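S.K.: Here's a sequence, model it:
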Amino acid sequence: MTRHVDFAADNRSIGRCIVLPGRQYTPDGPLLFFAAQTALSRGWDVRQVWWDPPDRGSWTVDDEIAWVGAELDAAVDGYRGKILVVGKSLGTLAAPVARSRGYSAAWLTPLLTEPRLADAMTTYPARQFTVIGSSDPFLDKEVFEALPGERLLVAGDHILRVPEDPAGMVESHARFVRAFDAWLTAAQV
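M.R.: As a prediction, this is how the structure comes out:
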């Protein structure tokens, strides 16, 4: 079952930021928490999507892309203003649907080794921000370098954990917040 948790920006809203989590990484995980707080501070209302993804079982990647895309559409729920999608891991499988709708997007540790996702992200027509860890098993460096928009490669694995350097893990998250904030701010000029 999926539920939505909404947060309103303090001032006049410039649009809706939809936060799509990972399979086991919830909207209150550090990357998504920081992304949501940054978006709120820049005037975006935030809708967190809390989901319980189906078991992979016999699902194909196409099934997962369709399911995540339907979750994105349900979170948009007819909203007529600007949409910003922030997806983490499984949530990045929304890229084909977000691309077809022309939504701006921030992809956090995307599954770049998945060809359908890589195709959607390398041909993305709207504003796009991507961050991934240098030791993330889903990092495909050729795909990463081909992505349009803002790209940030930081130390860390799929959750930007740096086991041998806890301070480095904090710095990876801080670099993400600074770059994401600059990207959001540049869009409002």
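S.K.: Show the residue spans covered by the helices in this structure.
M.R.: Assigned by DSSP state H, the chain shows helices spanning 30-41, 61-76, 95-101, 115-122, 141-146, 166-187.
S.K.: What's the local residue count around the residue nearest to residue 168 when sequence neighbours are not counted?
M.R.: Of all residues not flanking residue 168 in the chain, residue 162 sits nearest, at 4.2 Å (CB to CB, 6 or more residues apart in numbering). (Glycine included, C-beta is placed from N, CA and C.) Residues near residue 162, counting by other CB atoms under 10 Å, number 20.
S.K.: Just the pLDDT for the spatially closest residue to residue 118 that is not a sequence neighbour.
M.R.: With CB to CB, 6+ apart as the criterion, residue 118 has its nearest non-adjacent residue at 4.5 Å, and that residue is residue 143. Residue 143 is assigned 98 on the pLDDT scale.
S.K.: pretty sure residue 143 contacts residue 120?
M.R.: No - Residue 143 is beyond contact range of residue 120, at 10.9 Å (criterion: CB atoms under 8 Å).
S.K.: still on that earlier bit, quick one: which of the helices of the chain is nearest residue 19?
M.R.: With CB to CB, the closest approach to residue 19 among the helices of the chain belongs to helix 30-41: 5.5 Å.
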